[in-house]
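J.: Quick one: sequence and predicted model below, then my questions.
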Amino acid sequence: MENSPLDPLTIFHRMFDNDPFSHWMGMELVSIDEGACTLKMKVRAEMLNGFGVAHGGITFSLADSAFAFACNSRGRHTVSIHCSVEHAAPVREGDELTATATEDHLGNQISNYAITVRKQDGTSVAFFRGVAYRKKEEWK
């Protein structure tokens with residue numbers, strides 16, 4: 001892991017423990033490694049839109065958090081500079097979602113990630129792409 005003295009799990013907790021939004025969403029860590037992160041959460045009634053399905057921001061936010069933890073896991077402070085999402089299937093109250101972030105490209109300053117969000121039955125519900133800028137500052 002470059003020159004950071006911290007492992008991916010420690011970096012995850014430095015970020016997650018100070019992230020009230022991810023806590024409000026009910027996100028839980030499934031796995032974390034260099035360049036990768038998997039989170040899960042359960043969809044609650046207050047996350048639904050007027051059509052009775054999860055607001056698109058719910059899957060976006062879950063994927064965005066997995067993206068953030070994955071790209072910071074290598075030890076440098078990293079921030080998103082572009083994100084996009086494609087919604088593939090509806091999400092309902094009670095669904096358990098899992099977002100898996102994987103690194104497609106790691107550059108000195110720019111990195112690219114693909115995040116897939118799936119329901120408990122394995123159905124893909126969203127495809128998220130993220131581009132991140134890697135600062136020089138390291139996690140300590």
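T.: Good, I have the coordinates.

J.: Count the residues that sit near residue 57.
T.: Other residues within reach of residue 57, judged by other C-beta atoms under 10 Å, total 12. Every C-beta, even on glycine, is put in place using the N, C-alpha and C of the backbone.

J.: Next, the residue nearest the centre of the chain: secondary structure please.
T.: Averaging the C-alpha coordinates of the chain gives a centre point, and the residue nearest to it by C-alpha atoms, centre = their mean is residue 66 (1.5 Å). When classified by DSSP: H, G, I helix; E, B strand; the rest coil, residue 66 comes out as helix.

J.: wait, doesn't it sit right on residue 101?
T.: Yes - Residue 66 is within contact range of residue 101, at 4.0 Å (criterion: C-beta atoms under 8 Å).

J.: what do these two both touch?
T.: 37-38, 115 (C-beta atoms under 8 Å, 6 or more residues apart in numbering).

J.: Throw these into JSON lines and include neighbour count, pLDDT and distance to residue 16, thanks.
T.: Converted to JSON lines, the shared contacts of residue 66 and residue 101 look like this (neighbours: other C-beta atoms under 10 Å; pLDDT from 0 to 100; distance: C-beta to C-beta, whole Å):
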{"residue": "37", "neighbour count": "27", "pLDDT": "98", "distance to residue 16": "10"}
{"residue": "38", "neighbour count": "20", "pLDDT": "98", "distance to residue 16": "13"}
{"residue": "115", "neighbour count": "27", "pLDDT": "98", "distance to residue 16": "16"}
